[in-house]
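Engineer: kindly return the folded structure for what I paste below:
(one chain, ligands or ions: 1)
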Amino acid sequence: MAETPAGGRPGDRPCPCHSGRKYKRCCQPWHQGRPAPSPQALMRSRFSAYALGLVDYIVDTTDPTGPQWGAAPQAWREEILRFCQGTRFRELRLLHHSQDGDEGRVSFRAVLVSGQEQAEMAEDSRFRRVGERWLYHSGERVG
Ligand SMILES: [Zn+2]
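Structural biologist: Sure thing, here's the model as predicted:
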């Protein structure tokens with residue numbers, strides 16, 4: 001895994017989404033099955049899920065009607081896992097977020113490190129609420 005915990009109870013570690021809060025007070029409840037209450041909470045929890053290698057969570061929070069949904073489930077899961085394992089998720093900053101009914105948008109900047117390469121990425125993400133759950137629909141790279 002990209003950021004394997006070095007002992008201690010996982011919930012007491014800083015959340016890998018870089019919120020400054022403990023994992024148990026941040027993304028852990030959503031990873032354990034409670035619905036993330038907002039698009040920005042879902043976005044953070046997906047970032048920390050990537051950092052922790054929680055492939056199921058990434059798959060389960062991706063909108064099956066969106067373009068990010070993998071057509072070949074097994075290959076897609078392996079691709080997610082490889083990305084998680086080969087990347088360190090160093091920084092996350094949410095810039096803007098908005099919500100209009102069951103549609104949400106979150107723009108963010110992230111710093112990812114792969115090997116010796118550090119890359120900054122910015123994305124404008126779209127989310128859709130289905131029932132009580134927010135799902136990641138699609139993202140457009142910006143900047
Ligand atoms: Zn978090």
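
Engineer: L135 reaches G104, doesn't it?
Structural biologist: No: here L135 lies out of contact with G104, judged by Cβ atoms under 8 Å, at a distance of 9.8 Å. Every C-beta, even on glycine, is put in place using the N, C-alpha and C of the backbone.

Engineer: spit out the residues that contact the two alike.
Structural biologist: Residues touching both L135 and G104 by Cβ atoms under 8 Å, 6 or more residues apart in numbering: 127-129.

Engineer: which of the residues you listed has the most neighbours?
Structural biologist: Taking other Cβ atoms under 10 Å as the neighbour criterion, F127 ranks highest of those with 27 neighbours.

Engineer: which ones are touching it?
Structural biologist: Per Cβ under 8 Å, 6+ apart, neighbours of F127: 39, 42-43, 63, 103-106, 134-137.

Engineer: can you do 7 Å?
Structural biologist: Neighbour list for F127: 39, 42, 104, 106, 134-137 [criterion: Cβ atoms under 7 Å, 6 or more residues apart in numbering].

Engineer: name the element it belongs to?
Structural biologist: In the assignment (DSSP states H and E), F127 maps to strand 117-130.

Engineer: can you pull the pLDDT of C84?
Structural biologist: At C84, the predicted lDDT confidence score is 97.
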